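A.B. asks: Next input, structure requested:
(one chain, ligands or ions: 1)
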Amino acid sequence: MAFTLPALSYAPEALEPHIDTATMQIHHGKHHQAYVDNLNKAIAGTENESKTLEQLVAEAGKISPAVRNNGGGHWNHTFLWESLTPNGTGSPNGKLAASIDAEFGSFDQLKEKIAAAAMTRFGSGWAWLIEQDGKLVISSTPNQDNPLMDVAEVKGTPILGIDVWEHSYYLKYQNRRADYLAAFWNVVNWDVAGKRYEDAL
Ligand code: MN3
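C.D. replies: Model prediction:
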């Protein structure tokens, strides 16, 4: 069963001005599509064809670099689109908000620490907020790796992931990764993140 590109649940222009229309169209329609296509090519005619995306990601390091890069790319981007909303409230709520305050001091401090993880990821990769043994942890991964992979240095359940590949911000923000990171918080779907957190506990 071949993987397919999931549709966005909002229009590509819906996240303006924080994430611009052209970036959304190319990021979803071209970059994500390419990960899906290359993942399908990598597993075609192999025993991996019958595995779920979650299984492929969990075993990515053992299977092949192509599955690691493209399976990770498909999982990470699907997760990213589901993490965003044009109706962002700007801050977390419920149990997740309480745990962020308890473990990081405040939401502002969490944002600073995630920005630091994102800014110090050299080249392409992702910054993550994950749940690990009941605690919130910030990490980052290179390329299209994620915290669910066997190869991840820091493992856990992803709550939020920020794509810091230049393709996710270059058209609007050019080299200003920090400005993109600051704008990102405006379009986070905290209801989705909060539910992931409660499910993980
Ligand atoms: Mn991307």
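
A.B. asks: can you map out the helices along the protein?
C.D. replies: 21-26, 33-43, 53-58, 60-63, 65-83, 94-104, 107-119, 170-173, 177-184, 190-200 (DSSP state H).

A.B. asks: if I look at the residue nearest the centre of the chain, how far off is residue 174?
C.D. replies: With distances taken as CA atoms, centre = their mean, residue 161 lies nearest the centre of the chain, 3.3 Å away. Note on residue 161: its distance to residue 174, by CB to CB, to the nearest Å, is 22 Å. In short, each C-beta sits where N, CA and C put it, glycine included.

A.B. asks: how much space between the residue nearest to the centre of the chain and the ion?
C.D. replies: With distances taken as CB to the ion, to the nearest Å, residue 161 is found 10 Å from the ion.

A.B. asks: which residues does that residue contact?
C.D. replies: 76, 79, 80, 83, 126, 127, 128, 129, 146 (CB atoms under 8 Å, 6 or more residues apart in numbering).

A.B. asks: repeat that with 10 Å
C.D. replies: For residue 161, the contact set (CB atoms under 10 Å, 6 or more residues apart in numbering) comprises 75-77, 79-80, 83, 126-130, 139-141, 146-147.

A.B. asks: Identify the residue of this protein closest to the ion, quick one.
C.D. replies: Residue nearest to the ion within the chain: residue 163 (4.2 Å; CB to the ion).

A.B. asks: okay, now that residue: neighbour count?
C.D. replies: Neighbour count of residue 163, defined by other CB atoms under 10 Å: 24.
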